[in-house]
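> Give me a model of this one.
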Amino acid sequence: MLSNAYFYHQLTRKYVILFGNMFNNITIKRVNKNSGVEIERFKVPIVYAPKEKYYARLRADPDLERPVQVILPRMSFELTNFAYDASRKQNSLLRSGVAANTATRGATQYMGVPYDLSFDLQIYARNVDDGTHIIEQIIPYFNPDYTVTVETIPALGFKKDVPIILNSVSNIIEHEGNFDAVRYVSWTLNFTMKVNYYGPVQLPKIIRKVFANIYNDESLKAGNIIRLNVTQPVGNGNFKLDDVVYQGSNYNTANAYGYVLEWDRNNLKLVLGGAQGQFNIQNTIRGVSTNAVSTISSFEVNPLKLVEIKIEPDPIDAEPTDDFGYDITITEWPETE
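This is a model prediction of the structure:
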């Protein structure tokens with residue numbers, strides 16, 4: 001099932017801290033109504049807590065004489081939902097990598113899995129003016145999103161842009177006693193943070209030499225190169241290199257032909273190149289210039305390596321983050337045998 005390799009990138013913790021830190025510098029300024037002179041300035045505290053906890057706390061507090069700024073205004077936030085975002089899915093086989101602290105290995109990781117995290121930001125104030133004081137310091141930055149760059153996986157040094165979208169803003173005015181007695185005002189801001197979750201960091205060996213081989217498809221009876229097992233040629237003739245060999249009673253009506261690349265008389269193996277048409281078992285073949293006549297007994301079943309391609313980095317000891325090129329060596333048949 002899942003990988004047995006232990007990993008924990010603390011990504012959810014990072015995303016929660018990121019969200020909270022966005023709002024930890026909201027301030028409120030009190031001024032004298034008559035003179036307009038600033039009386040005090042203070043930061044609005046923010047904590048991670050569900051809104052139900054704060055509602056219960058506010059309703060249970062009987063001390064209405066306590067200074068307003070000690071209790072309210074303040075803010076709380078919570079992570080409310082995880083949702084997979086299929087629209088941001090990338091190829092699951094793609095990897096990102098960097099050089100590791102070794103000459104033989106690199107550090108790689110598969111592409112992240114996209115998720116949308118839903119956050120609720122709660123604002124509690126004693127009056128509407130304090131609430132809008134805070135709201136107006138937040139909503140201008142979201143149009144409708146605000147993007148923050150996060151170093152998600154320090155081991156790889158990756159930095160990811162994380163959009164945070166403001167979805168909605170709503171408020172509630174809580175009354176106590178008669179309709180004119182206002183106890184507190186609360187605002188709820190709903191956000192979506194578009195993030196990625198990543199699997200373990202792997203340390204695969206660095207590939208420093210690659211071979212790519214191209215083989216002839218021996219299941220085909222027609223192709224550029226055909227390898228035949230034949231009977232002993234009859235008559236005075238024999239096959240020779242570069243001679244044309246055809247299938248049929250005469251060259252003009254031949255339904256398949258090619259020229260001789262190799263002829264092993266001892267093992268009765270004939271290799272034809274530039275083959276045209278389809279050669280068939282038990283059919284007669286003839287050499288044009290030598291008048292050699294033979295019968296196809298079978299086709300060679302072992303794959304024939306037509307091309308061997310060798311690729312190496314230049315320089316050979318280059319690291320993944322270095323500026324390097326490639327040396328490519330191409331070897332063609334029959335040198336591949």
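
> residue ranges of the helices in this structure, please?
11-21, 51-60, 68-71, 128-135 (DSSP state H).

> tell me what the last one is packed against?
Applying 3 or more CB pairs under 8 Å, 6 or more residues apart in numbering; DSSP states H and E, we find helix 128-135 packed against strand 27-31, strand 113-125, strand 158-175, strand 182-197. Backbone N, C-alpha and C define where each C-beta goes, glycine included.

> Including distance to V244, could these go into a markdown table?
Formatted as a markdown table, the helices and strands packed on helix 128-135 follow (distance: least, CB to CB, whole Å):
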| stretch | distance to V244 |
| --- | --- |
| strand 27-31 | 94 |
| strand 113-125 | 61 |
| strand 158-175 | 62 |
| strand 182-197 | 63 |
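
> Relative to F324, which of the ones you listed is closest?
strand 158-175 (21.8 Å; CB to CB).

> Quick check: buried residues in the closest one?
Applying a neighbour-count criterion of 16 or more other CB atoms under 10 Å, one finds 158, 162, 164-166 buried in strand 158-175.

> still on that earlier bit, and the helices and strands packed on helix 128-135 as JSON lines, adding mean pLDDT and distance to D322?
Shown next, in JSON lines, are these (pLDDT from 0 to 100; distance: least, CB to CB, whole Å):
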{"stretch": "strand 27-31", "mean pLDDT": "88", "distance to D322": "49"}
{"stretch": "strand 113-125", "mean pLDDT": "94", "distance to D322": "31"}
{"stretch": "strand 158-175", "mean pLDDT": "88", "distance to D322": "19"}
{"stretch": "strand 182-197", "mean pLDDT": "88", "distance to D322": "28"}
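
> Out of those strands, which is closest to N229?
It's strand 113-125; of those, that one is closest to N229 (CB to CB) at 55.2 Å.

> next one: the closest one to chain centre, how far?
26 Å (CA atoms, centre = their mean, to the nearest Å).

> shaky segments in the stretch 151-300 of the chain?
Residue ranges of the stretch 151-300 of the chain with pLDDT under 70: 174-183, 217-223, 235-236.

> all strands in it, in order from the N-terminus.
Using DSSP state E, counting those that start in this stretch, the strands found in the stretch 151-300 of the chain span residues 158-175, 182-197, 210-216, 225-230, 244-247, 256-264, 269-277, 284-287, 293-299.

> Now render the ones you listed as CSV, adding distance to V47.
Below are the strands of the stretch 151-300 of the chain laid out as CSV (distance: least, CB to CB, whole Å):
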stretch, distance to V47
strand 158-175, 19
strand 182-197, 15
strand 210-216, 55
strand 225-230, 76
strand 244-247, 88
strand 256-264, 82
strand 269-277, 80
strand 284-287, 90
strand 293-299, 79
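
> right, and the ones you listed - which one's nearest I138?
strand 182-197 (6.9 Å).

> Show me the one of the helices and strands packed on helix 128-135 that comes nearest Q137.
That would be strand 27-31 among the helices and strands packed on helix 128-135, by CB to CB, at 7.8 Å.

> Show me what that closest one pairs with in its sheet, parallel or antiparallel.
In the sheet, strand 27-31 lines up against strand 38-43 (antiparallel) (DSSP bridges).

> Other residues contacting the partner strand?
24-32, 69 (CB atoms under 8 Å, 6 or more residues apart in numbering).

> Need those residues in a markdown table (columns: neighbour count and distance to A86).
As requested, the contacts of strand 38-43 are exported to a markdown table (neighbours: other CB atoms under 10 Å; distance: CB to CB, whole Å):
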| residue | neighbour count | distance to A86 |
| --- | --- | --- |
| N24 | 11 | 33 |
| N25 | 10 | 36 |
| I26 | 18 | 35 |
| T27 | 11 | 40 |
| I28 | 17 | 42 |
| K29 | 10 | 46 |
| R30 | 13 | 49 |
| V31 | 12 | 51 |
| N32 | 9 | 56 |
| Q69 | 16 | 46 |
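
> Could you work out the most separated pair of those residues?
N24 and N32 (27.6 Å).

> Roughly how far does the most centrally placed residue in the chain sit from L268?
With distances taken as CA atoms, centre = their mean, the chain has M111 as the residue nearest its mean C-alpha position (3.2 Å). For M111, the distance to L268 (CB to CB, to the nearest Å) stands at 56 Å.

> Kind regards, and thank you for your time.
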